[in-house]
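A.B. asks: Provided below for reference: sequence and predicted model.
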Amino acid sequence: MKLKTITQAATCAFLLLVSLSSASGQVTYGGEVVGLLDARTVQVATPTGRVTVELQHIEVPETEQPLHATAKDHLKKLLLGKMVKFHFKQVLLDGGLAVGQVLLDGVDISRQMLRDGAAWHVPRSVTAQNEAEFALYAESESLAKREKRGVWSLADLKPAWEFRAARAASQKAAADAAAAANQPPKEEPRYLKNYKYLKPNSDMWVEVGGVHLTQKMTIGDGLFSGYDYPKKIANISTAGINPTLSNGQESLEIEMRFVYFYRDEKAARESVAYVMGIRAKSKKHNFSDSAPLVFICDGRQIDFGTAARFFRETDKDVEEVLQYKVTRDRYAAVAAAKQVSVKVGSFTGTVSQDSLKYLRNLVAASK
């Protein structure tokens, strides 16, 4: 059997003995410090094997931090080649590591490292250190801090646990940036002429027309009023009219709103614009190329022209809003007809007389 294997087996056997002994009470062991792994971890040779011991309740500068080598050299001068006593608070069998108190001639080396400014005292919330011992350790650290010894001589030196957290955050940010850099560029929506992409919003009517189209104030049967205070422009709009259209292959439910904008000054109403809007939601883009709007009123065709078109996409559907600027006489012609059908792009459908009463009310209100 190789020497390394024998040493590992002896260490595991020793730690297992320590673990079993600790269950029944605190046991003190002794041995010679024969090596250092870092500024708080030593190797101790005992009669039954070599054991790795970590000093309890302290942290020392990380390898990348200032004073790491100084702290390790300080511990080396304190312990290397010396006989120590130790008892364990925690035994990690898998790693072959024991954590506990190391004593040199009765002096607690963890406290000594704190007093010399070679280490930081780990918060009690992390270690669950008993109150009396914690107070002694805190006193040693406080004296070193007051005298600006070691780690306290550098104003910007962070405790090791804060340094590790900052390093981990920096590494994560770098990894995220690298991953993002390796991703193919995200394809933005292709903006066709007069077909504008809108970001998500709870009310697409408001996103297109402004907050004054929220339709919170009713003024009559199927009519709402709003006011754009910065522009001093009022509006009256109809409630939604919801015909179902079809292109022969699929159905499309739409919502139509008719809006009258005017400037109200000294009781003299000055007409500004008549705008009709259509909102449609489906699984695909229906009006990306064009969306001419035509009403057939008692057999007569009334052309509302082409639209300013807007859209937005989610994982589930596409929502489009079409906006037409028209004239009052076109509103009046549709409102007065007995039979009305509508064609938007390739979709057609009928509009009920019951829903057209909203438009008739708007035409009357706009006189």
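C.D. replies: Happy to help now that I have it.

A.B. asks: doesn't Glu32 make contact with Gln43?
C.D. replies: No. Contact status for Gln43 versus Glu32: not in contact, 9.6 Å apart, counting by Cβ atoms under 8 Å. Yep, even glycine has a C-beta here, placed from its N, CA and C like the rest.

A.B. asks: does Gln129 count as helix, strand or coil?
C.D. replies: Under DSSP: H, G, I helix; E, B strand; the rest coil, the three-state class of Gln129 is coil.

A.B. asks: look at the nearest residue to it once chain neighbours are set aside and report its pLDDT.
C.D. replies: Nearest non-adjacent residue to Gln129, counting by Cβ to Cβ, 6 or more residues apart in numbering: His57, 5.3 Å away. Looking at His57, its pLDDT is 95.

A.B. asks: go on, the one 4 residues further on?
C.D. replies: According to the predicted model, the pLDDT of Pro61 comes to 96.

A.B. asks: backbone phi and psi for Ser346, please?
C.D. replies: Dihedral angles of Ser346 (phi, psi; degrees, to the nearest 10) stand at phi -100, psi 0.

A.B. asks: so it sits against Asn247, correct?
C.D. replies: Yes. Assessed by Cβ under 8 Å, Ser346 is found in contact with Asn247 at 4.4 Å.

A.B. asks: so where is the stretch 151-300 of the chain shaky, pLDDT-wise?
C.D. replies: Applying pLDDT under 70 to the stretch 151-300 of the chain flags residues 184-195, 197-202, 211-212, 264-271.

A.B. asks: before we move on, back to that, residues in contact with the residue nearest to Gln129?
C.D. replies: Residues near His57 by Cβ atoms under 8 Å, 6 or more residues apart in numbering: Ser110, His121, Val122, Thr127, Gln129, Glu133, Phe134, Tyr137.

A.B. asks: and it, how close does it get to Val34?
C.D. replies: Using Cβ to Cβ, to the nearest Å, His57 is found at 24 Å from Val34.

A.B. asks: kindly check the end-to-end length of stretch 234-254 for me.
C.D. replies: Stretch 234-254 has an end-to-end distance of 25 Å (criterion: Cα to Cα, to the nearest Å).

A.B. asks: quick one: the strands in the stretch 101-250 of the chain?
C.D. replies: Using DSSP state E, counting those that start in this stretch, the strands of the stretch 101-250 of the chain run over 107-108, 120-121, 195-197, 217-220, 223-228, 233-238, 244-246.

A.B. asks: rebuild those as JSON lines, extending it with mean neighbour count and distance to Lys85.
C.D. replies: Formatted as JSON lines, those follow (neighbours: other Cβ atoms under 10 Å; distance: least, Cβ to Cβ, whole Å):
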{"stretch": "strand 107-108", "mean neighbour count": "16", "distance to Lys85": "11"}
{"stretch": "strand 120-121", "mean neighbour count": "24", "distance to Lys85": "22"}
{"stretch": "strand 195-197", "mean neighbour count": "16", "distance to Lys85": "74"}
{"stretch": "strand 217-220", "mean neighbour count": "12", "distance to Lys85": "84"}
{"stretch": "strand 223-228", "mean neighbour count": "18", "distance to Lys85": "84"}
{"stretch": "strand 233-238", "mean neighbour count": "21", "distance to Lys85": "88"}
{"stretch": "strand 244-246", "mean neighbour count": "15", "distance to Lys85": "89"}
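
A.B. asks: tell me which of these sits nearest to His285.
C.D. replies: Each of these was scored for nearness to His285 using Cβ to Cβ, and the closest is strand 195-197 (8.5 Å).

A.B. asks: which residues touch Ser352?
C.D. replies: Listed by Cβ under 8 Å, 6+ apart, the contact set of Ser352 reads Pro243.

A.B. asks: what does Arg279 give?
C.D. replies: Met204, Trp205, Ile254, Glu255, Arg257, Glu319, Glu320, Val321, Leu322.

A.B. asks: residues near the residue nearest to Lys316 when sequence neighbours are not counted, how many?
C.D. replies: Nearest residue to Lys316 in three dimensions, chain neighbours excluded: Lys283, at 7.9 Å (Cβ to Cβ, 6+ apart). Neighbourhood size, Lys283 [other Cβ atoms under 10 Å]: 9.

A.B. asks: does Lys283 touch Thr314 like I think?
C.D. replies: No. Contact criterion Cβ under 8 Å: Lys283 and Thr314 do not qualify, at 10.7 Å.
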